[in-house]
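Visitor: Build me a structure from this.
(one chain, ligands or ions: 1)
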Amino acid sequence: MRVKKAVFPVAGLGTRFLPATKAMAKEMLTVVDKPIIQYAVEEAFDAGIEQIIFVTGRGKKALEDHFDRSYELETTLKSKGKTDLLHMLQDLVPRTGTIVYTRQHDPLGLGHAIWCARDIVGDEPFAVLLADDMIQTPGKPVLAEMVEKFDRFRASIAAVMEVEKDQTDKYGILDAVSLEEDIVKIKDMVEKPDPEDAPSNLAIVGRYILTPKIWDYLGRKQAGAGGEIQLTDAMKGLLTEQPIFGYKFKGTRFDCGDKVGFQMANLAFSLERPEMRGKLLDFIKTIKS
Ligand code: UTP
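Guide: Numbers count the residues shown, from 1 in each chain. Reported below is the predicted structural model:
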């Protein structure tokens, strides 16, 4: 079965970004000139996804409006002859009916947020994208690569990368064996282990393709690390029944839920824009360390 649906959990509190995230979802923060959620939605469509499922909490309105028509703005742009901007705005609105919203009433954790989409996804494999993990790749976007891997392995797969040994307590960490140059087979995983307890420095980042069997484990709603219902724990359960693979993507990942990661993403993605690159590099040269 093809991967046609993607779940975007956007109901986290985003406490690391307060006060910016007081009335607005963290996923609406802007990198260069687009909210980070737009990058992730574009990545999903590029990978062949046909239905977007947002699990929202607060800040739902700005997110909904962003992916909706804005007649007032469109009329103004049209009357001013700004057709490039007009088309750009029109292009970012997905076809009617491709976006579905559901609500996570309490931010009980990532695993719980995904579980909120169970009836919308149903009995088919689906993708999960955490928009605050932005990944700059030299080639195809990560999810498109993962869909191809899923078609080969017909099993759940998560994007993985090596992290500094002292950073393991920020990630789901794997015990895994190498299968191919960019594929590992996961043996076990643990959420946010202290460096001395971590089975490796291979961490899961925010791109997943999951088989529907995961619903059995997410449905148990057991609180794990930090008192939250963790996706990692459900995947650990899934491992007892089905294989799960890790895809070692090529590229740089930015944690946009973190202030430093977010600024780095802004710089890296700005430097990709020819009209900004020169001016930014000139400015960086003037900064004294
Ligand atoms: P984070 O671990 O970054 O948590 O969530 P957070 O609450 O958003 O941010 P901080 O740590 O308080 O600053 C990872 C992803 O899971 C979603 C978030 O929106 C983010 O995309 N999430 C997390 C939910 O949708 N619901 C939750 O209960 C927790």
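
Visitor: Just the C-alpha atoms of whichever strand or helix holds Phe8, please, in CSV.
Guide: If you go by DSSP states H and E, Phe8 is part of strand 5-10. Only the C-alpha atoms of strand 5-10 are listed here, as CSV (Å, rounded to 0.1, in the frame of the first residue of the first chain):
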residue,chain,number,x,y,z
LYS,A,5,-1.4,10.3,4.5
ALA,A,6,0.9,12.4,6.6
VAL,A,7,0.3,13.4,10.2
PHE,A,8,1.7,16.7,11.5
PRO,A,9,1.7,17.0,15.3
VAL,A,10,1.6,20.7,16.0
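
Visitor: So what are the sheet partners of that strand and their directions?
Guide: In the sheet, strand 5-10 lines up against strand 51-56 (parallel), strand 126-129 (parallel) (DSSP bridges).

Visitor: So the shortest one, near the ligand or not?
Guide: No - using Cβ under 6 Å from any ligand atom, strand 126-129 stays clear of the ligand, coming no nearer than 8.6 Å. In short, each C-beta sits where N, CA and C put it, glycine included.

Visitor: neighbouring contacts of that strand?
Guide: 3-9, 40, 43-44, 47, 49, 114, 117, 143, 146-147, 206-210, 212, 231 (Cβ atoms under 8 Å, 6 or more residues apart in numbering).

Visitor: among the residues you listed, which are in strands?
Guide: Among the contacts of strand 126-129, the residues falling in strands (DSSP state E) are Lys5, Ala6, Val7, Phe8, Pro9, Gly206, Arg207, Tyr208, Ile209, Leu210.

Visitor: of all the residues you listed, which two lie farthest apart?
Guide: Greatest spacing in these, by Cβ to Cβ: Lys5 and Gly206 (16.6 Å).

Visitor: hang on, the earlier thing: and of the strands paired with strand 5-10, who's closest to Arg95?
Guide: Once these are compared by Cβ to Cβ, strand 51-56 is nearest, at 10.2 Å.

Visitor: residue in the stretch 151-289 of the chain nearest to the ligand?
Guide: In the stretch 151-289 of the chain, the residue found nearest to the ligand is Gly257; the distance is 4.0 Å by Cβ to the nearest ligand atom.

Visitor: Does that residue touch Leu29 like I think?
Guide: No - the criterion here is Cβ atoms under 8 Å, and Gly257 misses it with Leu29 at 9.1 Å.

Visitor: tell me, what's touching those two both at once?
Guide: By Cβ under 8 Å, 6+ apart, the residues touching both Gly257 and Leu29 are Phe17.

Visitor: Find me the pLDDT at Met88, would you?
Guide: At Met88, the predicted lDDT confidence score is 91.

Visitor: give the contact list for the residue of the stretch 151-289 of the chain closest to the ligand.
Guide: Taking Cβ under 8 Å, 6+ apart as the test, what Gly257 contacts is Gly12, Gly14, Arg16, Phe17, Lys26, Asp132.

Visitor: returning to that earlier point: which of the contacts of strand 126-129 are buried, as a ChimeraX select command?
Guide: Buried residues within the contacts of strand 126-129, by 16 or more other Cβ atoms under 10 Å, are selected in ChimeraX with:
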select :3,5,6,7,8,9,40,43,44,47,49,114,117,143,146,147,206,207,208,209,210,231
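
Visitor: which of the contacts of strand 126-129 are close to the ligand?
Guide: Among these, the residues lying close to the ligand (Cβ under 6 Å from any ligand atom) are Pro9.

Visitor: Can you pull the residues of this protein lying near the ligand?
Guide: 9-16, 26, 55, 104, 107-110, 112-113, 130, 132, 257.

Visitor: Now list the buried members of the residues you listed.
Guide: By 16+ other Cβ under 10 Å, the residues of the chain next to the ligand give 9-12, 14, 16, 26, 55, 104, 107-110, 112-113, 130, 132, 257 as buried.
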